[in-house]
Each structure stands twice: as C-alpha cells, then as structure tokens.
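*Asks:* Fold the following.
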Amino acid sequence: MHFGENKVQEALEKWEEIKKKNNKIKLHLIGKLQTNKVKFAVKLFDYIHSLDSEKLAKKIASYENKNLKIFIQVNIGDEHQKSGINANDLLEFYNYCKKLGLNIIGLMCIPPLDGDTKIYFKKMLELKKKYSFNELSMGMSSDYLNALDFEASFIRIGSSIFGKRY
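*Replies:* Reported below is the predicted structural model:
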C-alpha cells in the first residue's frame with residue numbers, strides 16, 4: 001500500500017507508529033523537502049519525490065538509507081517561482097547524485113497550470129527515455145489521465161480523494 005504526504009511534520013504525527021507495525025506500507029514524500037527536515041524524512045519515508053538542489057542531495061546523502069528511492073524534481077516549465085532542476089542541467093545533476101550514492105529512480109514534475117500539460121508530460125517522457133530512468137512521478141487530480149498517457153508510474157490525486165487543502 002502506497003500513501004503520499006506533503007509535509008514531513010504531519011507525516012511524522014500520522015505515520016511513525018503505523019509504519020513500525022506494518023512494513024507493507026510505503027510512504028512517499030511528495031511535497032518540498034527542507035534541509036532541516038531531512039533527518040526525519042530519511043527515517044520515515046520510502047520515497048522522496050522532490051529532490052531539487054545539490055544542497056538537498058548532499059544533506060540526504062549524509063544519512064545512511066540505501067533503500068530510500070528518490071525522484072529528481074524537474075522544473076519542466078522553466079518557471080522561476082518553482083523548484084526543480086532545469087532540464088538542460090539534468091544529466092549533470094543526476095551524475096552528481098550518483099556520486100553521492102543516492103538511489104535515483106526517476107523524475108518528477110509539476111507542469112505550469114496555465115498550459116497544456118500534455119506538452120510537459122511528453123517532455124518528461126522524452127527525458128526519462130533519454131537518460132534511462134525507470135519511473136515518472138507526474139499528474140495530479142486535474143491532469144492525471146494525461147500523465148498516464150505519457151507513462152506516469154506515480155500520480156498524485158489527493159484532492160480528488162480528500163478535498164482541497166486550505
């Protein structure tokens with residue numbers, strides 16, 4: 001069973017005891033990870049979908065968790081207000097993460113809200129194939145069907161299930 005959480009602190013409160021009792025639960029951090037929360041995240045989460053900087057990569061690597069599966073967040077729309085690695089810098093960043101010993105399994109994106117997400121999902125699929133990544137984390141409640149058309153392996157549909165967060 002796979003579950004996602006946006007915030008480390010909320011996840012600790014909800015999942016720490018549950019995960020100790022059930023090792024079949026896989027927990028995904030789908031929100032932004034701050035460096036001051038890494039020590040908690042690497043112990044609790046099985047997946048991190050939001051690796052977006054060398055500083056964060058170095059911090060994650062400083063904790064031993066070889067089972068942690070990580071997605072590189074790509075700023076696929078090249079939006080200055082969003083986190084993520086520029087697609088042109090992806091190979092260099094990936095190689096940096098590999099040297100640190102991180103288990104990078106795929107790519108994640110949050111495309112611009114005002115455009116046709118299919119364009120961005122297609123670009124992500126091209127990057128996945130070009131660099132031989134195994135997984136794609138993309139698509140939310142409003143566009144997950146499009147994401148699935150472009151081989152998304154993980155989708156985030158929380159607001160369709162739980163309602164919007166305020």
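*Asks:* And the strands in the protein, which stretches?
*Replies:* Taking DSSP state E as the test, the strands found in the chain are 2-5, 26-29, 47-51, 69-73, 104-108, 135-140, 154-156.
*Asks:* and Asp116, how far is that from Asp52?
*Replies:* Distance of Asp116 to Asp52, given as C-beta to C-beta, to the nearest Å: 24 Å. Glycine gets a C-beta too; all of them are placed from N, C-alpha and C.
*Asks:* more crowded one of those two?
*Replies:* Asp52 (20 against 12; other C-beta atoms under 10 Å).
*Asks:* Confirm for me that the more buried one is in contact with Ser83.
*Replies:* Yes. Applying C-beta atoms under 8 Å as the test, Asp52 and Ser83 come out as touching, 4.2 Å apart.
*Asks:* Between those two, which contacts overlap?
*Replies:* Shared contacts of Asp52 and Ser83, defined by C-beta atoms under 8 Å, 6 or more residues apart in numbering, are found at Lys32, Gln73, Asn75.
*Asks:* got those as TSV, with distance to Phe40 columns?
*Replies:* Shown next, in TSV, are the shared contacts of Asp52 and Ser83 (distance: C-beta to C-beta, whole Å):
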residue	distance to Phe40
Lys32	14
Gln73	19
Asn75	25
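*Asks:* Export the residues you listed as a markdown table, with columns for neighbour count and pLDDT.
*Replies:* Shown next, in a markdown table, are the shared contacts of Asp52 and Ser83 (neighbours: other C-beta atoms under 10 Å; pLDDT from 0 to 100):
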| residue | neighbour count | pLDDT |
| --- | --- | --- |
| Lys32 | 16 | 94 |
| Gln73 | 24 | 97 |
| Asn75 | 20 | 95 |
